[in-house]
Every structure is written in structure tokens, then in C-alpha cells.
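>>> Test case, fold it:
(chains A, B, C and D)
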There are 2 protein chains.
Amino acid sequence: MSAHPDLVKRPAPKLMLSIQQSLSGGSLSKRFGQGMSKSINLKELSQQLNLSQTTVSRALNGYPEVSAETRKRVAEMADKLGYAPNSQARRLATGRAMAIGHVIPRSIHEMMNPIFLEFIAGAGETYSEHGYDMIITVVEDAQEEGAYREIARRKKADGVIIHGPAVKETRHLLLKELNLPFVVHGRIPGAEETTSWIDMNNRSAFQRATDLLLDLGHTRIALLNGLEHMDFAARRRRGFEDALATRGLTPDPALMRRADMTEPYGCDSALELLESDNPPTAFLVSSMISAIGVARAVGQRGLRPGTDVSIVTHDDALSFLPNSGAVPIFTCTRSSVRYAGQKAAELLLKIIADPSSKPECLHLDAELIVGQSTGPAPAR
Amino acid sequence: MSAHPDLVKRPAPKLMLSIQQSLSGGSLSKRFGQGMSKSINLKELSQQLNLSQTTVSRALNGYPEVSAETRKRVAEMADKLGYAPNSQARRLATGRAMAIGHVIPRSIHEMMNPIFLEFIAGAGETYSEHGYDMIITVVEDAQEEGAYREIARRKKADGVIIHGPAVKETRHLLLKELNLPFVVHGRIPGAEETTSWIDMNNRSAFQRATDLLLDLGHTRIALLNGLEHMDFAARRRRGFEDALATRGLTPDPALMRRADMTEPYGCDSALELLESDNPPTAFLVSSMISAIGVARAVGQRGLRPGTDVSIVTHDDALSFLPNSGAVPIFTCTRSSVRYAGQKAAELLLKIIADPSSKPECLHLDAELIVGQSTGPAPAR
DNA sequence: TCCGAAATCCAAAGCGGTTTGAGCGTCCGC
DNA sequence: GCGGACGCTCAAACCGCTTTGGATTTCGGA
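Here you go, the predicted model:
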């Protein structure tokens, strides 16, 4: 239970002390040798200013009890001496960690990699703006719960973000028990009202995408979905099926697949399907990465995307996979994950600032963008 | 200079207090209402045990002055009560942040996205194992230096990792001035001896890749490189040129490109080159992502990779872009970035544990793997 | 002129750990 | 039988900041 077994192996304190001393002595002389200024603390700063620590602290933190003149004097001296309050001390004193935690279990960091990063990048921007740190914990799946408990017990973060909610999700219950504020990226079925979340409209996006294909005359449409134990994928499938049902069509299980959204998944699936007896004329794909695979398969079969085979994909607007231009390569439903990250962070910070606030959510609508990869269904 | 301008707008302390009190009162009752146990601190734990804080702390931290029996008793009680030391307090007392910083400027997080994430995932695993936190700071390019200074001044992290060193790099100088331990992922030209780093052998990998193509009879080889102000890209280019030079060939500038390694970059470049008067018969590409673009272009032109056109790429072993199987899709030079992340983290932790140690480096060799995308140069 | 409010500032008490230096039995060797 | 080493434990200092609860000064208004 205690943190790290190897601590027991630590050398006896006496020994450690002597080592530490000799070391810090060494580095100190080195520092001064390089003309480095030792970083200053509040006490020293206040002595320089002939003020109390209280006043200096208040001046720097913008409390009203300090005269404008004093505040200015303090600010200038702090600036000159390069003072910045020690994070740990401040956190300890205020009781706020000034950090947000992101726990990524192996199943996520092996699977939705780029999407996750993009989200992180967005959230990180928001954190920076508000003086919060982002702390990321990479764990084995089995240790995920433990990671959250650690965060709560050791007060490592003031809140966390739940990534990739599953259809059967439980993390939110744990977090409520731990009293750890959180925001869900995605939605937790059955907890839409009681949790704060930000999500795109997966169902309607895929419904509209399917409609587009149906309007173009496609009736055999393959769905290459993400793993359907994930909430987002389940919703997308529902959108797909709803659109078909509206036209009186029943989905063909042979045309529906689900897996981690890798490139080979797209390629291999497409190849198989195209070789089948009754091949699809269109593909609806859950990720650009897999869609690229589909395009590769189509090319390998000597077919042309947009003419012989139509492809619609969801585009998370990943920065290294731009699908832009006047006419984007892929027809897609697009929703920026990075933006979602920014907003999720904002929402979480708001909740932390006012924990009594009601759960809030943000529903992003994906745009449907027609690109080069769709066209009328070829005549049989 | 002071942290956040908006702090000035904070309500007067009195007011804040009353708010905070009412809030914590509320959440407390709620917590107890849910049967939550308030997280316990060292003082309470030691009282439960009828021991001093000193003894309990030592028992938990594995110091030898505690009897085995007492240690066991302490451990069990801590376990039972779910005690874990408050991170902030511990950090303050020990003076160690127990965290590693990763600063990612916009130029990185927009450009080498997936590679960065993969590295992070590897490093994160190592940190977790050693009880370290990973803190990620996303900043505008102009604020990068400021971010490092903040980390040093506020003691937010015990060390940092330098990502994506440029040919003209200066961050290491800043970090030395700040006395902040660091490890470079990549190499800093001119500072190979004085900094700790971990890198793959970019030059020789690309030299071997080029040799492979030359051996297959290709003489017009296009190089689709990353941005060459980055050290890794400069080295790769050198490897390419060296291989050509060894065979008495001079590189054709018309066949060499450099850009952010996106998918469209690969596709567009390949299309252009293939349409030129004297098109290349082979492509050497710096990233799987761009290589996929090249493959798309090749397909669009009605050509077959490995038969009509050869493609060799560097493969960072990104988890969502597997290039495996008995015969991988792409012939590649492969080196796991995730592994590099693990190793970099290990190295950094070692340096932090013993700051007087000499700079150390780790040179990873990329393997050359022959896949489906290469073949003999077509007869003209 | 005097008084209470407002404006400033301060000493000291936390926050929750780690580490110091000392205290007190016990046991061993001489 | 005695001095000293050892094993175990503790009270208190400290890390660097925020926040409390005054204390002091200033100043407008009666």
C-alpha cells in the first residue's frame, strides 16, 4: 500500500545527509561560479523591501489591503530579483493543487492516441492560461482506479478529466465517491444529467453522413466503426442505423465492423469487403486514420475514391492529418477535438472554482463537409 | 511578472472565506452523507497508533530506526485508514518536486504530434514506476523560455526533457543556467559531450535505407524529409547524401523536400515529383504518416508500390500506425519512440538522483526492415 | 478637537509532511 | 558492575507560503 517498495532500500538518513550536503555544496559553488543567482524566497524578498511577508504576499496576490504605491514597489523588486512563489509551498498553504489530472490507461494510450493528444493540447492551452498544471499519469488498466485514488488521497490534482467513456462506465461513480471534480470527454449513458460533460453529437453526425450517402444512391454502405463498447462508437452506430431505418433499410451485419481505429484496420476491412460477393459502394468510417487505410485499399483494387467507391469519415481535425483545402480529400463530419479539450478544461476549472454549481454540458455539432471522396452510387 | 493579472480582481479575503466555509461545510456533510471517509493525515494516523509522527513517517519511508514490529503495525493501520502522505507537504519538506516537466511549444505540438505522444507514453510509464509525476506545459513558442524559468523558480519539476532539438539549439544553455537537470530527446550539435541525450542513429539509418534502394538499382531517389532546421532531419539528409556520394552520385535538389511530416505533404510532393520530366523511381520518407501520403499518390497515378515505385520510410513504431506483420507494408527503418521515452526518463531520473554524474547518452540503432513497398528499379 | 472608519501593515498560526538532536531502556564486553 | 553501543521513540524545528486577527496610522465629519 505504501508508495514505493524501494524506499526501504534507501540508505540510512545520516549517510544520505552527508551525500546531499556535499552535492549541494558542489552545485552551489558551481552556480555562483556561473554567476547564477540563487532563487529567492518570500522572506528574503520582504527583507529586501523592509516589509512583512504578509504585505508582500498580499501585494503580489492582488489583495486590496495594500496601497498602490507599495504594490508597485513590491512588484518591481520581485521582478528585479526574479521572485516567484514556490509552487509546493503555495499549494500546501492554499490547499489547492492548482493542477488537473489526466489518467491514461494503456487501453487508451494504445488505441486513441492521436485524438487523445490533440485533446490534451487543447486542454493544456486552457490550463496554462489559468495558471494550472497538467499532470498526466500513464498506468496499466488494472491500476486505473488506484491512480484516481492516489490523486484524491495525496491531493495531487483539483480535478480530472475522464477520457473515452465506455457504454458501461464506472469511473464517474468512483470520482464522486472520492469527491474529485471531473468533466467527461464524451458522455456516460445514464449519467447525462448528473455529470458534466462535453461531447460532439455522434449520433446525428453519423446519421447525416449516412443520409448523404443514401441521397447519393448508395444502399450498401459499410460501417467501419471504433470499438463499440465505447460510448461514442455506440452512438455513431445508432446514427447509422437510424438513417437506414428511416429509408426502410435494415443494416447488413456483414457490412459492419468495429475495432481500434488503425490504418491497417481500414485497409484490411475494405479489401475484404470489396472482395465479397455483394460489396458495398460506400464506406462510413469512424476515423481519418482508418479512412486513409480504406483509401489505400480502394487504390489497390484499382478503384477511384469518389467515383467507384464513396468514403465518408469522421474527422477529428488532427493537426498532422489535415483534411482541408477548397475541396477536402475526404468527405467528412468534422469536429475539433482540440477545441473540445479547451472547453472541457474551461468547464472543469469553473466547476473547481464553484463546486456547488450544477452539472453542465456542452454539445458540439459536427459539420458535414463534402469533399472529393463521395459521389453518386455507380450503376450496377 | 506576477502570475495572473486576474488575481487582482479576486474578492476581498473576508468574503472569500465565508464562501469557502459554506462550501466546504456543504461538501463535508455531503461526503459523510455518502459514507465517505475524510482523508486522513499523518498526525491523525500517529494518534491512532499512539506513536509520534516521526516514528510513523520513518516507518512508512523505510528508515532503519524502526522495529520490524512497529513498522508492520504502522503499515497495516495506514492501509486500513487509507493514508497516503499529502504530495504538496512532502514535496515542500523534501525540497523535491517529484515531477518531471515537458514543455511543448506550439511549433512542436502542431507538428510532431504523434511522435511526441508516443514518447510521452513511454516516459510516463517510467515516471509512474518511480513515483514521479509528469507535468506537461503547453505554450506559445515565444513563452517557451519563460515556461522553463517558471519551472525552475517555482520548483515545479526536478528536471525536464528537451524535445525536438534544432540544429541551432539554445535551450540546453538556458537549462544549465537555471541549474535544471535535463535529458535531450535527440542531439544538440556541438553539445554531444556536455549534455545527456538519447537518440537514434538517424544518419546511418538513412544511409542504410538509401543503400538498400541503390542496391535495388534505383538512382533517382526522392527524399521527403522533415524540416531541416531540426537536428534529426539534418542528420537524415546527411545519411542520404553520404550514401549517394559513396556511389559517386550527387543528390538532385529537385528531388529533395522538407516540411512538416503530414499526410498531404507526402501525397502532394509525390504527385508533383511523379509528374515531373525525370521522375524518381523511389522515395525515402521521414515519417510513416507522409509515407502513407506517398502511397496514396502512387495509387492515384495508377502505380503499384514495390513494383513501379519503391518507398522506404522511417517508422517510429507508433501504436496506431502499425507497420508489422510477416511482411510489413512499408520497407522501413524502425526505432521505437516509446522505448526512447522510457529510456530518456530513466536517464533523467538517474541524473536527478546523482547530479554530479557525468553526462551520459544512449544511441539507439534503427533496424532496417524490408517490407512490401520496395523492389528492383523498373527498367526504363 | 475628537472619534470612528478606512487604509496599511504586521506577528504569528497554520498547511502536512520530513529531519534533527536528544532521551531512555537494554544488552554486551571487560 | 560499569561504560558505551544500540535500538527505539519523541518533541520540536523547518520547508515557504497564505491567512488570521489585531495594531497602528490617517483622515473626514461632527
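
>>> quick one: the helices in chain A?
For chain A, the helices defined by DSSP state H cover A:13-33, A:42-49, A:53-61, A:68-81, A:87-94, A:106-109, A:113-129, A:144-153, A:171-178, A:202-215, A:231-246, A:263-275, A:288-300, A:337-353.

>>> how about the fourth one, does it get close to DNA strand D?
It refers to helix A:68-81. No - contact of helix A:68-81 with DNA strand D is not found when judged by C-beta under 7 Å from any atom of the strand; the minimum separation is 10.1 Å. Bear in mind the C-beta positions are built from the backbone N, C-alpha and C, glycine included.

>>> can that helix be found next to DNA strand C?
Yes - applying C-beta under 7 Å from any atom of the strand, one finds helix A:68-81 touching DNA strand C at A:68, A:70.

>>> what's the spacing between residue A:40 and DNA strand C?
Spatial separation of residue A:40 from DNA strand C under the definition C-beta to the nearest atom of the strand, to the nearest Å is 17 Å.

>>> what's the pLDDT at that residue?
With respect to pLDDT, residue A:40 scores 87.

>>> Which among the helices of chain A is found nearest to residue B:139?
Shortest distance between residue B:139 and the helices of chain A, using C-beta to C-beta, is found for helix A:113-129: 6.0 Å.

>>> Just the CA atoms of that closest one, as CSV, please.
Included here for helix A:113-129 are C-alpha records, laid out as CSV according to Å, rounded to 0.1, in the frame of the first residue of the first chain:
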residue,chain,number,x,y,z
ASN,A,113,-3.5,8.0,-29.3
PRO,A,114,-3.7,11.0,-31.7
ILE,A,115,-7.1,12.0,-30.6
PHE,A,116,-6.1,12.0,-27.1
LEU,A,117,-3.0,14.1,-27.7
GLU,A,118,-5.0,16.6,-29.7
PHE,A,119,-7.4,16.9,-26.8
ILE,A,120,-4.6,17.3,-24.4
ALA,A,121,-3.1,20.1,-26.4
GLY,A,122,-6.3,22.0,-26.3
ALA,A,123,-6.8,21.4,-22.6
GLY,A,124,-3.2,22.3,-21.9
GLU,A,125,-3.6,25.7,-23.5
THR,A,126,-6.5,26.5,-21.2
TYR,A,127,-4.6,25.3,-18.1
SER,A,128,-1.7,27.4,-19.0
GLU,A,129,-3.8,30.5,-19.3
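
>>> would you list the helices of chain A in a markdown table and tack on mean neighbour count?
Output for these, formatted as a markdown table (neighbours: other C-beta atoms under 10 Å in any protein chain shown):
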| stretch | mean neighbour count |
| --- | --- |
| helix A:13-33 | 12 |
| helix A:42-49 | 16 |
| helix A:53-61 | 19 |
| helix A:68-81 | 15 |
| helix A:87-94 | 19 |
| helix A:106-109 | 19 |
| helix A:113-129 | 24 |
| helix A:144-153 | 19 |
| helix A:171-178 | 17 |
| helix A:202-215 | 22 |
| helix A:231-246 | 20 |
| helix A:263-275 | 21 |
| helix A:288-300 | 26 |
| helix A:337-353 | 21 |
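
>>> Show me what the nearest residue to residue A:146 once chain neighbours are set aside bridges to in the sheet.
When the adjacent residues along the chain are set aside, residue A:146 lies closest to residue A:139, with 7.6 Å between them (C-beta to C-beta, 6 or more residues apart in numbering or on different chains). Beta bridges link residue A:139 to residue A:105 when assigned by DSSP bridges.

>>> Report how many residues lie close to residue A:139.
Number of residues near residue A:139 (other C-beta atoms under 10 Å in any protein chain shown) recorded here: 20.

>>> Also residue A:362?
Other residues lying near residue A:362 total 15 when counted by other C-beta under 10 Å.

>>> wouldn't it be in contact with residue A:200 here?
No - at 9.6 Å, residue A:362 does not count as touching residue A:200 under the criterion of C-beta atoms under 8 Å.

>>> quick one on the thing from earlier: format the helices of chain A as a markdown table; extra columns: distance to residue B:338.
What follows is the helices of chain A, written out as a markdown table (distance: least, C-beta to C-beta, whole Å):
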| stretch | distance to residue B:338 |
| --- | --- |
| helix A:13-33 | 32 |
| helix A:42-49 | 42 |
| helix A:53-61 | 42 |
| helix A:68-81 | 42 |
| helix A:87-94 | 29 |
| helix A:106-109 | 9 |
| helix A:113-129 | 11 |
| helix A:144-153 | 19 |
| helix A:171-178 | 25 |
| helix A:202-215 | 30 |
| helix A:231-246 | 25 |
| helix A:263-275 | 18 |
| helix A:288-300 | 18 |
| helix A:337-353 | 22 |
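
>>> Mean pLDDT lowest where, among these?
When those are compared on mean pLDDT, helix A:13-33 scores lowest, with a mean of 31.

>>> What's the per-residue pLDDT of residue A:262 here?
Predicted confidence (pLDDT) for residue A:262: 88.

>>> is it true that it touches residue B:324?
No - applying C-beta under 8 Å, one finds residue A:262 not in contact with residue B:324, separated by 10.6 Å.

>>> the more surrounded of those two?
When residue A:262 and residue B:324 are compared on other C-beta under 10 Å, the one with more neighbours turns out to be residue A:262, at 20 against 13.

>>> what about the nearest residue to that one once chain neighbours are set aside, neighbour count?
Counting by C-beta to C-beta, 6+ apart, the nearest residue to residue A:262 once its immediate chain neighbours are dropped is residue B:320, at 5.3 Å. Around residue B:320 sit 23 other residues, with neighbours defined as other C-beta under 10 Å.

>>> how close does residue B:320 sit to residue A:374?
Distance from residue B:320 to residue A:374, counting by C-beta to C-beta, to the nearest Å: 25 Å.
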